[in-house]
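Peer 1: sharing a sequence plus its predicted fold:
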Amino acid sequence: MPIGDPEIPDTMPAVICHGPGNYAIKEVPVPTPGPGQALVKVEAVGICASDLKCYRGASKFWGDDTRPAWAETEVIPGHEFVGTIAQVDDEASQRWGVTVGDRVTSEQIVPCWECRYCLRGAYHMCAPHDIYGFKRRTPGAMASYMVFPTEALVHKISSDLPPAHAAFVEPLACALHAVERANLGFGDVVVVAGCGPIGLGMVAGARAKSPAKIVSLDLAPDKLKLALECGADVAINIVEEDAIAAVKNLTDGYGADVYLEGTGHPSAVAQGLNILRKLGTFVEYSVFGSEVSVDWSIISDDKELDVLGAHLGPHTWPSAVRMLESHRLPMDKICTHQLPLSDFQKGLEMVARGSESVKVTLIP
Ligand SMILES: [Zn+2]
Ligand SMILES: [Zn+2]
């Protein structure tokens, strides 16, 4: 017998993705959790740059000549969330160590636990790749309630944190994974491109690894200030200063050891290739709205670079939870806007402009 909140309504407002550019709020039935699942009352859901790219029809989501569509229509978006357990049975309660009223989050990917990647520990590359908010198997958090499937990876997170701050655990876990990919050394000069949610998380993660110097790049002065508060040693405004020359100055003319790319802008890729020293490490985290062209001979002949991709945040969620609970980040300044669910369109536009906001969060 599942136990739970007797106040659960029959219907709830939810954002529904009908296809690129076609999202609407609709009253839908509150989902009923099956055996071993949990019903969660959503407290906050962040709007991710990837939500915007999906909304705008990027081929990464809706396919092109080289790949099929991955996103599905008639799905509730939202993969960066926190909520409280509203209904749970013994099986789920024991599996996740949770009970009604606990504040929880779930990793954005719900692995199949059967494919080659899942079986070898790389569950973030799971072949079917069901991420909340993009697939019909895993409806997302832009609604009052959502269900955690039995395969979900669930983490408790302190209810002392404001909901928007707690929902930041997803982008932070992703940023920490990008940092892990770089395998930082104490002597490294690390350049982080972009001071958005991912870039700021990369700075905080890099700071925790204690390299020689962390350099942040952006074009917004207030975001660069925020990067310094997250742990950057140097903040360079790429509009006012030649970033490549500035980094060369900091490194006896050699260039950076590590470049973490978190902007999503094609120009930041060439910038990284040029800012790195020979044998440097480039970590790409961004999802791009279009193709990026660079001179690949920089990677081979010129510098023999290590170019590494990074996706999601495998095994980094407990660290991200700890980092948020330790209040090390200026979360009040990172979570700039909280809007009601009905303003999701306004939120998407805010993320698109990018100028006045860092993290926009919906409060259902
Ligand atoms: Zn995200
Ligand atoms: Zn799998």
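Peer 2: Structure received. Ligands and ions are numbered 1, 2, ... in the order given.

Peer 1: element containing the residue positioned nearest the centre of the chain?
Peer 2: Closest to where the C-alpha atoms of the chain average out (Cα atoms, centre = their mean) is Pro171, at 2.9 Å. Element membership for Pro171 (DSSP states H and E) is helix 169-182.

Peer 1: list the helices and strands that helix packs on?
Peer 2: Packing contacts for helix 169-182, counted by 3 or more Cβ pairs under 8 Å, 6 or more residues apart in numbering; DSSP states H and E, involve strand 80-88, helix 197-209, strand 256-261, strand 276-284, strand 306-309, helix 317-325. C-beta: built from backbone N, CA, C; applies to glycine.

Peer 1: with mean pLDDT as new columns, can these be given to me in a markdown table?
Peer 2: As requested, the helices and strands packed on helix 169-182 are exported to a markdown table (pLDDT from 0 to 100):
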| stretch | mean pLDDT |
| --- | --- |
| strand 80-88 | 98 |
| helix 197-209 | 97 |
| strand 256-261 | 98 |
| strand 276-284 | 98 |
| strand 306-309 | 98 |
| helix 317-325 | 98 |
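
Peer 1: now the terminal residues of stretch 62-72, how far apart.
Peer 2: 8 Å (Cα to Cα, to the nearest Å).

Peer 1: what sits up against that stretch?
Peer 2: 17, 20, 54, 59-61, 129, 134-136 (Cβ atoms under 8 Å, 6 or more residues apart in numbering).

Peer 1: which of the helices and strands packed on helix 169-182 sits closest to Gly354?
Peer 2: helix 197-209 (10.9 Å; Cβ to Cβ).

Peer 1: direction included, what does the helix or strand following the closest one pair up with?
Peer 2: Toward the C-terminal end, the helix or strand that comes next after helix 197-209 (DSSP H and E) is strand 213-218. Strand pairing for strand 213-218, determined by DSSP bridges: strand 189-193 (parallel), strand 234-237 (parallel).

Peer 1: make JSON lines out of the ones you listed and add mean pLDDT and distance to Glu291.
Peer 2: Formatted as JSON lines, these follow (pLDDT from 0 to 100; distance: least, Cβ to Cβ, whole Å):
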{"stretch": "strand 189-193", "mean pLDDT": "98", "distance to Glu291": "18"}
{"stretch": "strand 234-237", "mean pLDDT": "98", "distance to Glu291": "27"}
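
Peer 1: nearest to Gly313, of those strands?
Peer 2: Closest among the strands paired with strand 213-218, using Cβ to Cβ: strand 189-193, at 16.5 Å.

Peer 1: helix, strand or coil for Ala352?
Peer 2: helix (DSSP: H, G, I helix; E, B strand; the rest coil).

Peer 1: wait, it sits on Asp51?
Peer 2: No - the pair Ala352 and Asp51 does not pass the contact test of Cβ atoms under 8 Å, sitting 10.4 Å apart.

Peer 1: between these two, who's got more neighbours?
Peer 2: Asp51 (28 against 15; other Cβ atoms under 10 Å).

Peer 1: which SSE is Glu229 in?
Peer 2: With DSSP H and E as criterion, Glu229 is part of helix 221-230.

Peer 1: one step back: and of the strands paired with strand 213-218, who's closest to Leu362?
Peer 2: strand 189-193 (26.8 Å).

Peer 1: next one: that closest one to chain centre, how far?
Peer 2: 19 Å (Cα atoms, centre = their mean, to the nearest Å).

Peer 1: how about stretch 343-357?
Peer 2: With Cα atoms, centre = their mean, you get 16 Å for stretch 343-357.

Peer 1: which parts of that stretch are buried?
Peer 2: 343-344, 347-348, 350-351, 357 (16 or more other Cβ atoms under 10 Å).

Peer 1: contacts for it next, please.
Peer 2: Outside stretch 343-357, the residues touching it (Cβ under 8 Å, 6+ apart) are 15, 23, 25, 47, 49, 51-52, 55, 142, 196, 220, 336-337, 339, 360, 362.

Peer 1: possible to save the buried residues of stretch 343-357 as JSON lines with distance to ligand 1?
Peer 2: Below are these laid out as JSON lines (distance: Cβ to the ion, whole Å):
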{"residue": "Asp343", "distance to ligand 1": "19"}
{"residue": "Phe344", "distance to ligand 1": "15"}
{"residue": "Gly347", "distance to ligand 1": "14"}
{"residue": "Leu348", "distance to ligand 1": "14"}
{"residue": "Met350", "distance to ligand 1": "15"}
{"residue": "Val351", "distance to ligand 1": "11"}
{"residue": "Ser357", "distance to ligand 1": "15"}
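
Peer 1: so which of those are in strands?
Peer 2: Per DSSP state E, strands hold no members of those.

Peer 1: how about the residues you listed, which pair is most distant?
Peer 2: Counting by Cβ to Cβ, the most remote pair of the buried residues of stretch 343-357 is Phe344 and Ser357, 13.9 Å apart.

Peer 1: my read: Cys118 touches Cys126, true?
Peer 2: Yes - taking contacts as Cβ under 8 Å, Cys118 lies within contact range of Cys126: 5.2 Å.

Peer 1: where does the chain dip in pLDDT?
Peer 2: 1 (pLDDT under 70).

Peer 1: before I go, just wanted to say thanks for your time.
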